[in-house]
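Q: Only the shape, not the letters, is given here:
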């Protein structure tokens, strides 16, 4: 059983790292959007390609635009924090229980 526990623990750690990196990508994209970036810049294009599909779904489900401010990145960051606190911690506790 310790092999399954170690696998679940490794998956939890990888998921935590991926969620943290994606949260930073969302934050960087939000900050870049304040300065009107060049849409042909490869970094800007990659940031938009990575984040726009998820943000578009949030905007479609919950249209939150007040005064020209888009709140979908904030909602996505809150979802990521929830997943880190609930899903990752649940996987870690499951791995500990299986040992």
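A: Here it is on my side, so go on. Everything numeric in this text was worked out from a predicted model, so none of it was measured.
Q: Was I right to think residue 59 contacts residue 73?
A: No - taking contacts as Cβ atoms under 8 Å, residue 59 lies outside contact range of residue 73: 10.2 Å. Glycine gets a C-beta too; all of them are placed from N, C-alpha and C.
Q: Pick out whichever of the two has more residues nearby.
A: Legend: neighbour count by other Cβ atoms under 10 Å for residue 59 and residue 73, higher for residue 73 (19 against 16).
Q: From residue 27, how far off is the more buried one?
A: For residue 73, the distance to residue 27 (Cβ to Cβ, to the nearest Å) stands at 8 Å.
Q: Give the helix, strand or coil label for residue 92.
A: helix (DSSP: H, G, I helix; E, B strand; the rest coil).
Q: Model confidence score at it, please.
A: pLDDT, residue 92: 96.
Q: measure the nearest residue to it once chain neighbours are set aside to residue 83 for me?
A: The shortest distance from residue 92 to any residue other than its chain neighbours is 4.9 Å, reached at residue 12 (Cβ to Cβ, 6 or more residues apart in numbering). Residue 12 is 11 Å from residue 83, where distance means Cβ to Cβ.
Q: What of residue 98?
A: As judged by Cβ to Cβ, residue 98 and residue 83 stand 21 Å apart.
Q: In this structure the residue nearest to residue 92 contacts residue 86, no?
A: No - here residue 12 lies out of contact with residue 86, judged by Cβ under 8 Å, at a distance of 11.6 Å.
Q: So between those two, which is more surrounded?
A: residue 12 (19 against 10).
Q: and the more buried one, what does it touch?
A: 88, 91-92, 95 (Cβ atoms under 8 Å, 6 or more residues apart in numbering).
Q: which parts of the longest helix along the chain are buried?
A: Counting residues, the longest helix in the chain under DSSP state H turns out to be helix 2-33. Residues 8-9, 12, 16, 19, 22-23, 26, 29-30 are the ones in helix 2-33 that count as buried (16 or more other Cβ atoms under 10 Å).
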